[in-house]
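Novice: Pasting a predicted model and its sequence here:
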Amino acid sequence: MVDETFLKRKYKGVLLVATALDGNSSLYPIAFGVVDSENDLAWNWFMRQLNVVIADDHSLAFVSAGIPQLLKLLQDGKGIAGLVAKAFKAYRAADFRKVVTSIFAITPQIGKYLIDAEVRKLACCQFPGYIYDIRTTNPAESINSALRTPREFPVILLLDSIREMMTRWFFKRRTLSSKHSKPLTIAVEKKFDRRIEKGKTFKVFPVSDHRFLVQGDTFDSSIDLVHHKSRLQCLKPHTLPDDMYTTASWRSTYEESINPISVPEDAWKVPSHVEKS
């Protein structure tokens, strides 16, 4: 996620931020840049610097601030904002088309704008890469909020405040992840627990001796115990999430310390494989 925030020091300026989320749904700052103002030249420079630490890849996704034209249209269309949000959150193409059809029925102007604006970049079920259920720049905005006071500092003090914040976060998360013994991160384990408890409330109706209809709160599904027997026997929920949500990956994310500048480099403790890379 990329975002910007205005600096309040004597010479003003803008702080550009790029951040991600780790496997435990915590903010993971990637890059910061101080520029004179927010313009194409500044963003071009920032993205070139970002490319030094993050290689370009077909699965790489950027989330930026809302499209001004869309925001203006939503203000003019009563009750449309909720439908647009529902369309963007839809995981199934059929559900997405159904909501977009409803939008067209209410206000063709917004419906046409969504299509022309390339919905594949906006909707979960249409997106070609991996966005991990992230649809807003809220994480980047949260970083800006955490730096609300340092934004008034001179640039050097601002950058050291950022370093101090990251030093604190990395140590805390490294300690937390080292004590976690379950296969998936804390946030994901809790999500699994909630889903399992919710699944216990689903109604199951027999269709035949081996076929059943499972009625959920939103969708109905059918299952054939004979056809799916081998798959059901070996299915382990904890093997389903992406590798980034595993505890092992979470630990590796924070194994390197963010060192104060006052500590000489030869005293830094850097994992061998990180040092080689």
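Specialist: Thanks, I have it.
Novice: confidence score at Leu122?
Specialist: For Leu122, the pLDDT comes out at 72.
Novice: my guess is it meets Phe88, correct?
Specialist: Yes: here Leu122 reaches Phe88: they are 5.5 Å apart, a contact under Cβ atoms under 8 Å. Using the backbone N, CA and C atoms, a C-beta is placed for each residue, glycine as well.
Novice: ok, these two, which is more surrounded?
Specialist: Phe88 (19 against 16; other Cβ atoms under 10 Å).
Novice: hang on, the more buried one packs against Phe127?
Specialist: No: counting by Cβ under 8 Å, Phe88 does not reach Phe127; the two are 9.7 Å apart.
Novice: Point out where this protein drops to low pLDDT.
Specialist: 66-79, 135, 228-235, 263, 274, 277 (pLDDT under 70).
Novice: Quick check: the residue of it most remote from its centre vs Leu225, distance?
Specialist: The centre of the chain is farthest from one residue, Asp209, which by Cα atoms, centre = their mean lies 43.1 Å away. Look at Asp209 and Leu225: by Cβ to Cβ, to the nearest Å, they are 9 Å apart.
Novice: what does Asn144 give?
Specialist: 52 Å.
Novice: Please say which of these two ends up with more neighbours.
Specialist: Neighbours were counted for Asn144 and for Leu225 using other Cβ under 10 Å; Asn144 has more, 17 against 12.
Novice: Tell me which residues touch the closest residue to Lys203 other than its chain neighbours, please.
Specialist: Excluding the flanking residues, the one nearest Lys203 by Cβ to Cβ, 6 or more residues apart in numbering is Gln215, at 4.4 Å. By Cβ atoms under 8 Å, 6 or more residues apart in numbering, the residues touching Gln215 are Phe202, Lys203, Val204, Phe205.
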